[in-house]
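Asks: Here's my sequence, what's the structure:
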Amino acid sequence: MKTTIYVFAGIMAAYLPAIAQHKPVTAVTEQTGSPVMEKLSIEQLTARAEQGNADAQCELATRYGNGEGVNVDIKQAIRWFRKAAEQKHPRALGAMGMAYLLGRGIPQDTQKAISLLQQAADMGDSKSQVLLAICYASGRGVPQDMAKAEQLAHQIAAHGTPSAKYDLAASYLRGEGFPPSPERGFALMKDACEHGVLHAKGALGVCYLQGLGTAQDAAQGLRLLQEAADEGDIQSGANLGAAYIQGIGVEKNIGKAIPLLRKAAEQGDSTAQCNLGFCYQDAIGEHHDPEQAAYWFEKSAKQGNRRGQYMLGLSYYTADGLPRDLEQAVYWFRTAAENGIPDAQTHLGLCYVQGGGVQADPAQAFLWFTKAAQQGNTDGQRNLGLCYADGLGTDKNPAKAIEWFTKAAEQQDSQAQYALACCYAENNLPGLPDMAKAFYWFQKAAAQNYPDAQYRLGKCYIEGSGTEKNSKLGIEWLNKAIAQGQEDARLYLTRQAPLADTELTLEQIRQQAEQGNAEAQFYLGECYRQGISMEQNPAKAFQLYTKSAAQNYAPAQALLGYCHQNGIGTGKNPQEAVLWYRKAADQGNAQGQRMLGVWYMQGDGTPENMAQAVSWFEKAAMQGNAIAQYNLGICHLQGQGTPADPQKAILWLTKAAENGDANAPYTLGELYGNSGQVPKNMQLALQWIRMAAERNQADAQYRLGATLLLGDGLPKDEKQGIMWTRKAADQGHIEAQNNLGLAYLNGTGTPRDYEQAFYWYKQAAEQGNATAQYNLGLMYSQGKGTEKNILEAERLFRNAAEQGYKDAEEQLKKIRQTMQPNLYPEKEPDHTPEWPTLHL
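Replies: Below is the predicted model:
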């Protein structure tokens, strides 16, 4: 996450971190609070406040509002501000006005807010004067009246205190309330600076640094920021650090930035604390340390920093640096959301959708998504679109869904682009479906590597939907989706492969097949076998393959052999399968050649002959058949049917990998990593393993996950490690399931969850994994993630012990000491070996 330079303390109510802001350093004549009161302890202030001292009441309220020496307590802040306001204390009147305007700690009442602000302004409270002007300018709490707003602004500019000029300048510069006016803002800020407002000096430095209202002058900007920081303005030090981090008006210099940020953070500047948290989170000048990031986010949040509040909520939500606590996450998301942070509003909406940390409430989710969307937040806009599309928290409204998806899509949100494309493809509104528009947005999302969009774009090209038919491009996009694990794309490509090679429609293929065209008969047979645009009919497919094969069409002969081999539309007949594979192979058909090689390798239907197998694999491999290339590589690697030759193995395995085979890159990774047959090269090994993992090869996903979890050969990345481990586990990979269970048990890369640990151990244990059986036995014996069950624990320990798992043997002895000894007869272990086979 990019660190942000925060320029000014906001004056607009929505940007106030607490009910009372920090008090600007100005002349004694301003309403800044009593210097005597500021020096008193909480206990001393409380005693004087209870005696009715209005200054003490106001100072005590300020400290409760800002968390100075006490925990933030908005109710206590309101209580003491109210008591002081009842005594007509100007700053308390202004603070109560802000509270009513915001609805912070009390029900929102804009009429009361304006009345109180007006009283405070009439008594000379500078912040109330500026805020009242902003209310008239923005129409907040009163009818918008720019003439009145400008009148107040001119009075402040001509006769206001330096502090009021500073606040008004900030409003002009940030465009809060008043339309942005950098020139007016700069002039007022310069006036405030010349009259001793220290914050104004730092803000003026930022103006020079960024060229706001004046010509850019980085040297002057840095000088003013440095002077203000040296004179004790904490925020200027924080801004100086942020400028060095982002290279704003100066070359990036992380070495200079971090000490400045740290100093400001340690002095209590909430923006610096938040930015320092980002540095720890993103390893900017500091090592990656989620705990330290969360520590500084919490410091910032408790001072009322909106961004810090959101980030603290996110830390609780994702268990990043803090234990997962959804109720705390919701609390801080809500606090930041009410302070106007759109990301927090979106996350709060998600919590209401999911019922995480708060009772599920679709209407509340809709409300918060709307607030975020109206601020231009793409996640909020997309989620609001989904609410309208699905009727979540509101009535279904496809037109509204399209409207909000479009807003997010135009900001390059790939998920919104995909959702918008689906709306155009699947809605029945007037003028829809519109496949040309759907194709446009599928294309946009696919270009951003969104796998579902790549799949749908591939379909569009193959089917000529919304664009001209282009099977080559369609297959390319489907393969991109498949490489990211998009299962629908894989299934579609498997089913559509017969039609992807021809530009004919299904009806044209049927007509030509009925006229005796061998190629059309083959394609129609594929449609019947795979259920493409019709119900599956294996018998009909077999008949069509037979007709086509009888005309010596090699692809049909190979498929006819496949039908005889697997009993598709006919009985299994190994001899007939070999016969047809040979006919196809003799004509140079790569599929027939590969399968004939497999038959010679297995000796099923023909005598086993590895030399012949290698010969046929080689013929198919020379034609680019990826599986044949892989099998040939394995033969050269293991010396089956040919002398062992690791270099030839690498050659063919590389070709297979380049042609899309998923097993080949995994085998290459193992070869370079651990085989001892070629010089070890872990960097190359991991490159190949990652390629295989991205092609959904389960062993590779497991290996990549374990490597990332351990930081063995790659930088440690527990979240990525868990992601790849889960992908392998979802495919039934035993070791991955066991590792995923261990991760949930220990909270590694994911929040600790005993029920999930139990689930994944059980998945692996049921496949016979001794380690998982032992781990599952421990969970049953301890009642973790499930009810305690000693009998089940004993059974699992026994199964693991029978596989030679020593720790299970020890647990079995312990557990049996508490049970009757003769109820559990020993069982002879099964020593049947498992033999590796070639990938067919």
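Asks: is it true that residue 648 touches residue 636?
Replies: Yes: judged on C-beta atoms under 8 Å, residue 648 makes contact with residue 636 at a distance of 4.2 Å. C-betas here are computed from N, CA, C, even on glycine.
Asks: neighbour count winner among the two?
Replies: residue 636 (25 against 16; other C-beta atoms under 10 Å).
Asks: What confidence value was assigned to the more buried one?
Replies: On pLDDT, residue 636 comes in at 95.
Asks: any idea how far it is from residue 653?
Replies: Residue 636 is 9 Å from residue 653, where distance means C-beta to C-beta, to the nearest Å.
Asks: what do you get for residue 685?
Replies: According to C-beta to C-beta, residue 685 stands 13 Å off from residue 653.
Asks: what touches both of those two?
Replies: Both residue 685 and residue 653 are contacted by 668, 671, under the criterion C-beta atoms under 8 Å, 6 or more residues apart in numbering.
Asks: which of those two has more neighbours?
Replies: Higher neighbour count among residue 685 and residue 653: residue 653, with 27 against 21, using other C-beta under 10 Å.
Asks: Next one: residue 562 relative to residue 541, how far apart?
Replies: Remark: distance between residue 562 and residue 541 (C-beta to C-beta) = 10 Å.
Asks: Residues that sit against both of those two, list them.
Replies: Going by C-beta under 8 Å, 6+ apart, residues that sit against residue 562 and also against residue 541 are residue 568.
Asks: low-scoring stretches of the stretch 1-150 of the chain, by residue?
Replies: 1-35 (pLDDT under 70).
Asks: try 50
Replies: 1-32 (pLDDT under 50).
Asks: Nearest residue to residue 604 in space, please, no chain neighbours.
Replies: residue 574 (5.4 Å; C-beta to C-beta, 6 or more residues apart in numbering).
Asks: That neighbour reaches residue 565, doesn't it?
Replies: Yes: at 6.8 Å, residue 574 counts as touching residue 565 under the criterion of C-beta under 8 Å.
Asks: Neighbour count for the two, which is higher?
Replies: Taking neighbours as other C-beta under 10 Å, residue 574 and residue 565 compare with residue 565 leading, 21 against 15.
Asks: ok, now how distant is that one from residue 603?
Replies: For residue 565, the distance to residue 603 equals 14 Å [C-beta to C-beta].
Asks: Ok, residue 658 next?
Replies: For residue 658, the distance to residue 603 - C-beta to C-beta - is 31 Å.
Asks: So which residues of the stretch 201-350 of the chain form strands?
Replies: Assigned by DSSP state E, counting those that start in this stretch, the stretch 201-350 of the chain shows no strands.
Asks: how about the helices in it?
Replies: 218-230, 234-246, 254-266, 270-282, 290-302, 306-318, 326-338, 342-354 (DSSP state H, counting those that start in this stretch).
Asks: TSV please, covering those and showing mean neighbour count and distance to residue 793.
Replies: Formatted as TSV, the helices of the stretch 201-350 of the chain follow (neighbours: other C-beta atoms under 10 Å; distance: least, C-beta to C-beta, whole Å):
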stretch	mean neighbour count	distance to residue 793
helix 218-230	19	63
helix 234-246	26	54
helix 254-266	19	50
helix 270-282	27	41
helix 290-302	22	35
helix 306-318	26	33
helix 326-338	22	31
helix 342-354	25	34
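Asks: and these as a markdown table, adding distance to residue 704?
Replies: As requested, the helices of the stretch 201-350 of the chain are exported to a markdown table (distance: least, C-beta to C-beta, whole Å):
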| stretch | distance to residue 704 |
| --- | --- |
| helix 218-230 | 45 |
| helix 234-246 | 33 |
| helix 254-266 | 31 |
| helix 270-282 | 23 |
| helix 290-302 | 22 |
| helix 306-318 | 22 |
| helix 326-338 | 30 |
| helix 342-354 | 29 |
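Asks: Out of those helices, which is closest to residue 734?
Replies: Residue 734 lies closest to helix 306-318 among the helices of the stretch 201-350 of the chain, at 28.6 Å (C-beta to C-beta).
Asks: Please work out the average pLDDT along that closest one.
Replies: The average pLDDT within helix 306-318 is 94.
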